[in-house]
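S.K.: everything below, folded, please.
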Amino acid sequence: MVELPLDSAAATEALGARLAGGLTPGCVLTLSGDLGAGKTTLARGLVRALGHRGTVKSPTFTLVEPYQLDGWRLFHWDLYRLVDPEELEYLGLRDQIDGEAVLLVEWPEHGPGELPPVDLEITLTYAGEGRTCRLEPRSPSGQAMLAGLVSSIALATSIR
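M.R.: Numbers count the residues shown, from 1 in each chain. Take a look at the predicted model:
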């Protein structure tokens, strides 16, 4: 587990971009935290780093936003308004668990029993004016992502 301080929305977006560098096909990332904690901001950085040039909006009302990116398929889910976890079956989640598409799931606690195994849990919490981001790997793939992230941050810090 790693905890990182984030002092701005730009830092949160930059963390998302760094996470994009360690993604592997089929990985599942969850984003937890209170409303306004920066989940969609982090997702925006990740999606843009994968090549998306348009708007990256919160899928709060659509529940899922699909992205076809250069060499990537990514589905950004927001389960905040989900009434019953079994709705995920009707919304096509199972079809997206194909070992190729990346799943980025906000509010995973609203989908117990229906989500695939998670590779990396990301939790954003308020810390004064900023945020703290806790990253917890839950698989070998998640451990590799986290190790790559830590290495990229260490390298960037040493270059300064």
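S.K.: going forward, measure contacts between C-alpha atoms and count neighbours the same way
M.R.: OK.
S.K.: which residues of the chain score low on pLDDT?
M.R.: 154-160 (pLDDT under 70).
S.K.: all strands of it, in order?
M.R.: 2-6, 28-33, 64-69, 72-78, 102-106, 120-127, 130-137 (DSSP state E).
S.K.: let's have the ones you listed in TSV, adding mean neighbour count.
M.R.: Formatted as TSV, these follow (neighbours: other CA atoms under 10 Å):
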stretch	mean neighbour count
strand 2-6	15
strand 28-33	22
strand 64-69	16
strand 72-78	22
strand 102-106	25
strand 120-127	20
strand 130-137	20
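S.K.: and those as a markdown table, adding distance to G22?
M.R.: Shown next, in a markdown table, are those (distance: least, CA to CA, whole Å):
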| stretch | distance to G22 |
| --- | --- |
| strand 2-6 | 15 |
| strand 28-33 | 12 |
| strand 64-69 | 16 |
| strand 72-78 | 13 |
| strand 102-106 | 12 |
| strand 120-127 | 11 |
| strand 130-137 | 13 |
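S.K.: the helix ranked longest in the chain vs strand 28-33, what angle?
M.R.: Among the segments of the chain that qualify as a helix by DSSP state H, the longest is helix 140-159. With axes from the mean of the first three to the mean of the last three CA atoms, to 10 degrees applied, the angle from helix 140-159 to strand 28-33 works out at 70 degrees.
S.K.: now tell me what touches helix 140-159 from outside.
M.R.: Here helix 140-159 makes contact (CA atoms under 8 Å, 6 or more residues apart in numbering) with R18, L19, G21, G22, L23, T24, C27, D119, L120, L135, E136, P137.
S.K.: for that helix, list every residue counted as buried.
M.R.: The neighbour-count check on helix 140-159 (16 or more other CA atoms under 10 Å) flags S141, G142, Q143, A144, M145, L146, G148, L149, V150, S152 as buried.
S.K.: just stretch 79-92 next, same as before
M.R.: L79, Y80, L82, P85, L88.
S.K.: so how far is that stretch from its chain's centroid?
M.R.: 18 Å (CA atoms, centre = their mean, to the nearest Å).
S.K.: how about the buried residues of stretch 79-92 in JSON lines, adding distance to G130?
M.R.: Output for the buried residues of stretch 79-92, formatted as JSON lines (distance: CA to CA, whole Å):
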{"residue": "L79", "distance to G130": "24"}
{"residue": "Y80", "distance to G130": "23"}
{"residue": "L82", "distance to G130": "28"}
{"residue": "P85", "distance to G130": "32"}
{"residue": "L88", "distance to G130": "33"}
